[in-house]
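# Sequence and computational prediction follow.
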Amino acid sequence: MGRSNRPRRAPKREQPEETSQKQVLFGAKRLEMKRGVEYTVQTHSGASDDPAKTWTCPGCHILIQRGTPHVVAWSEDRGSDGRRHFHSVCWQKFQGTLL
Ligand SMILES: [Zn+2]
């Protein structure tokens, strides 16, 4: 059994791309009116540091999978504590009031 003893030198690839692992979670803010209520709307990349983090869309009551870009919206009077995560399409269809 001839064993070729070739030293396997894996090319060492130094990756200088380790700049910022932090993903940009939020996109630009915008304002949208729904039934006379002004909402602050922001896109969310769906990324999260917390693996247990999920969101339930108030529009369809279905879980928003992590990694799914979606929309975060809140009305002025509730402030950002009242933020809700919507599927993008659900937000477009949403015409109610956030509870
Ligand atoms: Zn939805």
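Ah, there it is.

# What are the buried residues along stretch 51-68?
55, 57-59, 64, 68 (16 or more other Cβ atoms under 10 Å). For glycine as for every other residue, the C-beta is placed from the backbone atoms N, C-alpha and C.

# Write out the residues of the chain neighbouring the ion.
Contact residues (Cβ under 5 Å from the ion) of the chain with the ion: 57, 59-60, 87, 90.

# Next step: these restricted to helices.
residue 90 (DSSP state H).

# when you check the buried residues of stretch 51-68 against the strands, which ones overlap?
Secondary structure from DSSP state E places 55, 64 of the buried residues of stretch 51-68 in strands.

# quick one: low-confidence parts of the protein?
Along the chain, segments meeting pLDDT under 70 span 1-4, 7, 10-23, 99.

# circling back to that earlier point, farthest pair within the buried residues of stretch 51-68?
Using Cβ to Cβ, those reach their maximum pairwise distance at 58 and 68, which is 15.3 Å.

# Next, the contact list for the most centrally placed residue in the chain, please.
Residue closest to the average C-alpha location in the chain (Cα atoms, centre = their mean): residue 46, at 1.8 Å. Shown in contact with residue 46 (Cβ atoms under 8 Å, 6 or more residues apart in numbering): 64-70.
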